[in-house]
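1. Have a look; sequence and predicted model below, questions after that.
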Amino acid sequence: MPEMPEVEALRGFLEERVVGRAIARVWLVAFSALKTHTPPLDALSGLEVTSVSRHGKWIDLDAQGVHLIFHLARAGWLQWRDEMPAAPPRPSKNPLALRVVLDDNSGFDLTEAGTQKHLAVHVATDPADVAMISSLGPDPMGPEFGQAEFDAILAKAGRAQLKGVLRDQRVLAGIGNAYSDEILHTARLSPFTPASSLDEAARAHLLATLRQVLTDALAHTAGLGANQLKDSKRSSMAVHGRTGLPCPVCGDTVREVSFADSSLQYCPTCQTGGKLLADRRLSKLLK
């Protein structure tokens, strides 16, 4: 799933190409992707794109006050085309969900692989009308987010595990499964550490680490094309998606804990004092 760094890179990629251009046509191919009915999709036709912004993992194209907002979910992606096909797209077994054609016949496709369809497209006159945007927590890279705000979040989370706190979009916007693994590995913290157990120094260290990991990732993805971002993300990971491989810091084997719909990766030497985490839900350190 694309997270803040990749979504921000896609936002910048689109901004360079779509701002100032008019939307000629929007084709809906996968009807399950569209989550709203008013305004209709065709309300975008003929409107000029005035800005492209990001809300957590959501991308927002503002076309003169009508917003095309989308979330790529776990298996969605954006594919840019300098020249769109002349024939309109038709529903089929291919992964195409939505096509946006601009007035110079360039544009982009939103695609989603697999059988589980979670890609979400909204058309709204106010992004706050999208419930999952209005419920977002603060952006941890935002100028108004500081140590006091982070400390308050951890205190409110109580005994909740750090892994879950970092990736909960209602708590912090933009961090997902991959970067929460990377942040905790760099901070040398177990993913199951209770949020409220950190002292003042540990809280400051975690926030500094969070910002450094995201800053590095944002710099790594800046300027990349949409077709380069997936490989770039994979190649930059120290533990996420690297189960069974050596930790680049200490050489220990990267381990995994699997859940019903996701998994996490960690380094026992760097994060848990050498102890293994049991591979089951609500796991605790093996004794």
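-> Sure thing, it's come through. Numbers count the residues shown, from 1 in each chain.
2. for this structure, which spans come out with low pLDDT?
-> Across the chain, the ranges flagged by pLDDT under 70 are 280-287.
3. At the geometric centre of it, which residue do we find?
-> E3 (2.1 Å; Cα atoms, centre = their mean).
4. Tell me where the protein has helices.
-> Counting by DSSP state H, one finds helices in the chain at the ranges 4-18, 131-134, 147-157, 162-167, 177-187, 200-221, 229-236, 268-271.
5. now the fourth one, how far from the chain's geometric center?
-> Averaged C-alpha coordinates place helix 162-167 at 14 Å from its chain's average position (Cα atoms, centre = their mean, to the nearest Å).
6. counting contacts, what elements does that helix pack onto?
-> On a contact count with 3 or more Cβ pairs under 8 Å, 6 or more residues apart in numbering; DSSP states H and E, helix 162-167 meets helix 147-157, helix 177-187. Placement of C-beta: from N, CA and C, glycine included.
7. Compute the inter-axis angle for the last one and helix 4-18.
-> For helix 177-187 against helix 4-18, the angle by axes from the mean of the first three to the mean of the last three Cα atoms, to 10 degrees is 130 degrees.
8. going forward can the numbers begin at 736, since that is how I track them
-> Yes, from this point I'll number from 736; that puts the last item at helix 912-922.
9. who touches helix 912-922?
-> 736, 738-740, 897-898, 901-902, 910, 925-926, 940-941, 944-945, 947-949, 952, 968, 972-976, 982, 984, 997-1002, 1005-1006 (Cβ atoms under 8 Å, 6 or more residues apart in numbering).
10. show me the contacts for T773.
-> By Cβ under 8 Å, 6+ apart, the residues touching T773 are V858.
11. ah, wrong one, I meant L745
-> By Cβ under 8 Å, 6+ apart, the residues touching L745 are P737, I794, L813, A961, L964.
12. how about 10 Å then?
-> Going by Cβ atoms under 10 Å, 6 or more residues apart in numbering, L745 touches 737, 787, 789, 794, 807, 812-813, 815, 843, 956, 959-961, 964.
13. Now flag whichever of these is closest to R825.
-> The nearest member of these to R825, counting by Cβ to Cβ, is F843 at 18.1 Å.
14. can you pull up the bridge partners for the closest one?
-> Beta-bridge pairing for F843 (DSSP bridges): W815, V835.
15. Count the neighbours of S788 for me.
-> S788: 14 surrounding residues under other Cβ atoms under 10 Å.
16. again with P826
-> 11.
17. Provide a list of residues in contact with the nearest residue to it once chain neighbours are set aside.
-> Once flanking residues are discounted, P826 sits nearest to V764: 5.6 Å by Cβ to Cβ, 6 or more residues apart in numbering. V764 makes contact with 823-827, 829-834, 844-846, according to Cβ under 10 Å, 6+ apart.
18. Which of these ranks first by neighbour count?
-> Neighbour tally across these (other Cβ under 10 Å): the maximum, 27 neighbours, falls on A832.
19. Now G747. Nearest residue, chain neighbours left out?
-> A957 is the one closest to G747 (Cβ to Cβ, 6+ apart), at 7.0 Å.
20. Surely the one you found and E743 touch.
-> Yes: the pair A957 / E743 is scored as a contact, 8.2 Å apart, by Cβ atoms under 10 Å.
21. of the two, who's got more company?
-> Using other Cβ under 10 Å, the more surrounded residue of A957 and E743 is E743, with 21 against 12.
22. ok so, going back, could you identify the buried members of the contacts of helix 912-922?
-> Among the contacts of helix 912-922, the ones that count as buried by 16 or more other Cβ atoms under 10 Å are 736, 738-740, 897-898, 901-902, 910, 925-926, 940-941, 944-945, 948-949, 952, 968, 972-976, 982, 999-1002, 1005-1006.
23. Could you dump the helices of the chain into a markdown table with distance to L776 added?
-> Formatted as a markdown table, these follow (distance: least, Cβ to Cβ, whole Å):
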| stretch | distance to L776 |
| --- | --- |
| helix 739-753 | 16 |
| helix 866-869 | 19 |
| helix 882-892 | 37 |
| helix 897-902 | 31 |
| helix 912-922 | 31 |
| helix 935-956 | 29 |
| helix 964-971 | 26 |
| helix 1003-1006 | 46 |
